[in-house]
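# Fold the following for me, if possible:
(2 chains)
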Amino acid sequence: DAGVIQSPRHEVTEMGQEVTLRCKPISGHNSLFWYRQTMMRGLELLIYFNNNVPIDDSGMPEDRFSAKMPNASFSTLKIQPSEPRDSAVYFCASSLAQGGNTEAFFGQGTRLTVV
Amino acid sequence: SQQGEEDPQALSIQEGENATMNCSYKTSINNLQWYRQNSGRGLVHLILIRSNEREKHSGRLRVTLDTSKKSSSLLITASRAADTASYFCVLSGNTPLVFGKGTRLSVIA
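Numbering: from 1, shown residues only, chains lettered A, B, ... in the order given. This next block holds a predicted model:
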């Protein structure tokens, strides 16, 4: 397996534009996580899915953020409209079991810059 | 939610020395995991230790767990420059993985 695949690797966009980040988890994994990492706040959990169903989205900062998982092999994180403070590295991770009972595999991240 | 706290925040050692990082937590756990993050990269899982285990080894890594003290330690023996990274402990169970600030390890060649 190629591991967790995220796209794009880098994204530069203007304030107010819509941004969509994509993630393909490892085949057979049941849980998927979206994280955001900044120097100031560290690695924050935004939302996690189990069997394609959102279980906990309490980390989603605002209504401008939304995440979907239409099937077991694809998830998106959308920011609309984007703001400069959204600039961060966004990671997607997947794991075999629910929650954190097994190891999580991380993608390489998407570095988002909003200017 | 459950979150471990790593100590020290930063550690600088010479290549060949051993590096020890500690993790403390406050809640009961099912297991505890250690991850590594090289600068600008995704996190990589190192070791998972279950609550009924006391010690676990993987290559140059040794992890201990003391549930009575609610603490864990990660020992890297014979460190290399490539070990330079941030290291995170994560409590895991039926809740998703929540990461702390980590320990930033610098191994100087």
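# only C-alpha atoms for contact and neighbour calcs from this point on.
Fine.
# Show the contacting residues for the residue most central in space within chain A.
Central residue of chain A (CA atoms, centre = their mean): residue A:34, 3.1 Å from the mean position. Residue A:34 makes contact with A:45-48, A:77, A:90-93, according to CA atoms under 8 Å, 6 or more residues apart in numbering or on different chains.
# helix or strand right after the helix or strand where it lies?
Taking DSSP states H and E as the criterion, residue A:34 maps to strand A:31-38. The helix or strand immediately downstream of strand A:31-38 is strand A:42-50, counting by DSSP H and E.
# where exactly do the strands run in chain B?
B:5-7, B:10-14, B:19-24, B:31-37, B:43-50, B:55-58, B:61-66, B:71-76, B:85-92, B:103-108 (DSSP state E).
# and the second one with chain A, contact?
No - using CA under 8 Å from any CA of the partner chain, we find that strand B:10-14 stays clear of chain A, coming within 14.5 Å at best.
# mean confidence score for that strand?
Mean pLDDT, computed over strand B:10-14, is 97.
# so what's residue B:10 up against?
Residues counted as contacts of residue B:10 (CA under 8 Å, 6+ apart) are B:103-106.
# Please repeat the previous calculation with a cut-off of 6 Å.
With contacts defined as CA atoms under 6 Å, 6 or more residues apart in numbering or on different chains, residue B:10 is in contact with B:103-105.
# Give me the sheet partners of the strand holding residue A:34 and which way each runs.
Partner strands for strand A:31-38, per DSSP bridges, with pairing direction: strand A:42-50 (antiparallel), strand A:88-95 (antiparallel).
# Low-confidence stretches in chain B?
B:1-2, B:94 (pLDDT under 70).
# Flag every residue of it that's near chain A.
Proximity of chain B to chain A is confined to B:41-43, B:92-97, B:101 under the rule CA under 6 Å from any CA of the partner chain.
# Just the buried subset of the residues you listed, please.
Neighbour counting over the residues of chain B next to chain A (16 or more other CA atoms under 10 Å in any protein chain shown) leaves B:41-43, B:92-93, B:95-97, B:101 as the buried ones.
# The nearest residue to residue B:90 once chain neighbours are set aside: neighbouring residues, count only.
Nearest-residue entry for residue B:90: residue B:33, 5.1 Å, with adjacent residues in sequence omitted and distances by CA to CA, 6 or more residues apart in numbering or on different chains. Residue B:33 has 24 neighbouring residues, counting by other CA atoms under 10 Å in any protein chain shown.
# Residues in a beta bridge with residue B:33, which ones?
Beta-bridge pairing of residue B:33 under DSSP bridges involves residue B:48, residue B:90.
# contacting residues around the residue nearest to residue B:89 when sequence neighbours are not counted?
Take residue B:89 and drop its neighbours on the chain: the residue closest to it by CA to CA, 6+ apart is residue B:34, 4.5 Å away. By CA under 6 Å, 6+ apart, residue B:34 lies in contact with B:46-47, B:88-89.
# among those, who's most crowded?
Per-residue neighbour counts (other CA under 10 Å) across those peak at residue B:89, which has 32 neighbours.
# hmm, back to that, kindly state the beta-bridge partners for the residue nearest to the centre of chain A.
Under the criterion DSSP bridges, residue A:34 forms beta bridges with residue A:47, residue A:92.
# for residue A:76, same thing?
For residue A:76, the beta-bridge partners are residue A:22, residue A:68 (DSSP bridges).
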